[in-house]
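Colleague: Just the structure for this:
(chains A and B)
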Amino acid sequence: DAGITQSPRHKVTETGTPVTLRCHQTENHRYMYWYRQDPGHGLRLIHYSYGVKDTDKGEVSDGYSVSRSKTEDFLLTLESATSSQTSVYFCAIRSEDTRELFFGEGSRLTVL
Amino acid sequence: ELKVEQNPLFLSMQEGKNYTIYCNYSTTSDRLYWYRQDPGKSLESLFVLLSNGAVKQEGRLMASLDTKARLSTLHITAAVHDLSATYFCAVDEMVGGKLIFGQGTELSVKP
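Modeller: Numbers count the residues shown, from 1 in each chain, chains lettered A, B, ... in the order given. Next up, the predicted model:
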């Protein structure tokens, strides 16, 4: 158990509404990541964080924002959800020595 | 910009056969990771390859890394049904913190 929890695990929302996904870790890791997974695309990096208040963009950051006000929590926000953001979202933390990622259970988001 | 490509994307195998999945990447890196994902589940770390020539084996799976060729392989020996899953490689960008994934290889092992 890598000590990562995502919430909510499932959410259905309507186009135009704001959505926030939460990733919580108990391991005190510096790096945290948000990916989305879609058929045919594998996992694509949205944003990542390398410390409190330190974040950077990934491959598909448009339409998403993130915040990290404390080490244990990394929030992903869709300011105005669109149907193209229907996906499974995975949070991950990075091992300090090997740099491998350990993933949460995923959050399935459906935007109608 | 780092690009990671896997092939094949789909692989249907018979039990007992051998096969190899390839992972190519576009920029210099000496850290590569293999993950397994079962349907509807999260990703599980399989192998961590941290240098040129690294080879790791676990059961019927063996992974290797050639940083000069920017290529990693995941070799499956005498496949069994339990190996059916999607396999991803991921490459560490080294500068910065990004880990970029390939598209995944969906493996189906049939009796």
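Colleague: who touches the biggest strand by length in chain A?
Modeller: Ranked by residue count, the top strand of chain A under DSSP state E comes out as strand A:42-51. Under the contact criterion C-beta atoms under 8 Å, 6 or more residues apart in numbering or on different chains, strand A:42-51 has outside partners A:30-38, A:55-61, A:64-66, A:68, A:71, A:74, A:76, A:89-90, B:6, B:43, B:88, B:90, B:97-104. In short, each C-beta sits where N, CA and C put it, glycine included.
Colleague: Chain neighbours aside, what residue packs nearest to residue B:76?
Modeller: Closest residue in space to residue B:76, ignoring its immediate chain neighbours: residue B:19 at 5.1 Å, by C-beta to C-beta, 6 or more residues apart in numbering or on different chains.
Colleague: do residue A:53 as well
Modeller: If you skip the residues right next to it in sequence, residue A:53 has residue A:68 as its closest partner in space, 6.3 Å away by C-beta to C-beta, 6+ apart.
Colleague: about what we covered before: show me the contacts for the residue nearest to residue B:76.
Modeller: Contact criterion C-beta under 8 Å, 6+ apart gives B:11, B:13, B:75, B:76, B:79 as the residues in contact with residue B:19.
Colleague: any idea how far residue B:12 is from the residue of chain A positioned farthest from its centre?
Modeller: Centroid-distance maximum for chain A: residue A:97 at 22.0 Å, with C-alpha atoms, centre = their mean. Taken as C-beta to C-beta, to the nearest Å, the spacing of residue A:97 relative to residue B:12 amounts to 37 Å.
Colleague: How many residues are close by residue 46?
Modeller: The chain I'm using is chain A. 23 (other C-beta atoms under 10 Å in any protein chain shown).
Colleague: um, chain B though
Modeller: Neighbourhood size, residue B:46 [other C-beta under 10 Å]: 19.
Colleague: does residue A:6 belong to a helix or a strand, and which?
Modeller: For residue A:6, the enclosing helix or strand under DSSP states H and E is strand A:4-7.
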